[in-house]
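A.B. asks: Need coordinates for the below:
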Amino acid sequence: MAIIKSEQYVELYSELAELMMTYLNAAALTPEELLIYQEENGDLRYTKLGQQQFEDCVDDIEHILANNNIIKGST
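C.D. replies: Coordinates of the predicted model:
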């Protein structure tokens, strides 16, 4: 079993989810399917659909981590 600090755990699943989102966004065929968009100031934002997809990715990643005995410790 691997116990990692809470901050590292959140950073790990966030980075993995962002990577998944990048690939999913690249597969969009129409503007309506886009999950990520860039604001005029250059900031990247998730669409409403993108935010839901990100949360689904996080859930999947947390499940995979737990199945591999990687758990979040205390801060």
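A.B. asks: which residue is nearest the centroid of this structure?
C.D. replies: Using Cα atoms, centre = their mean, the residue of the chain that lies closest to the mean C-alpha position is Ala17, 2.2 Å off.
A.B. asks: what does whatever helix or strand Gln51 lives in rub up against?
C.D. replies: Assigned by DSSP states H and E, Gln51 belongs to helix 48-67. Outside of helix 48-67, the residues that reach it under the criterion Cβ atoms under 8 Å, 6 or more residues apart in numbering are 9, 12-14, 16-18, 20-21, 24-25, 33-36, 46, 71. Every residue, glycine included, has its C-beta placed from N, CA and C.
A.B. asks: which of the residues in that helix are buried?
C.D. replies: The neighbour-count criterion (16 or more other Cβ atoms under 10 Å) identifies 50, 53-54, 57-58, 61-62, 65 as the buried residues of helix 48-67.
A.B. asks: picking that back up, PyMOL command for the buried members of the contacts of helix 48-67?
C.D. replies: When burial is assessed using 16+ other Cβ under 10 Å, the buried subset of the contacts of helix 48-67 is captured in PyMOL by this command:
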select buried, resi 9+12+13+16+17+20+21+24+25+34+35+36+46
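A.B. asks: Helices - which of the contacts of helix 48-67 land there?
C.D. replies: Counted as lying in helices by DSSP state H, out of those, are 9, 12-14, 16-18, 20-21, 24-25.
A.B. asks: Save the residues you listed as CSV, and put in distance to Met1 and pLDDT too.
C.D. replies: Supplementary listing: the ones in helices among the contacts of helix 48-67 in CSV, determined by distance: Cβ to Cβ, whole Å; pLDDT from 0 to 100:
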residue, distance to Met1, pLDDT
Tyr9, 13, 95
Leu12, 16, 96
Tyr13, 17, 95
Ser14, 22, 95
Leu16, 19, 96
Ala17, 23, 96
Glu18, 26, 94
Met20, 25, 95
Met21, 29, 95
Leu24, 31, 94
Asn25, 34, 93
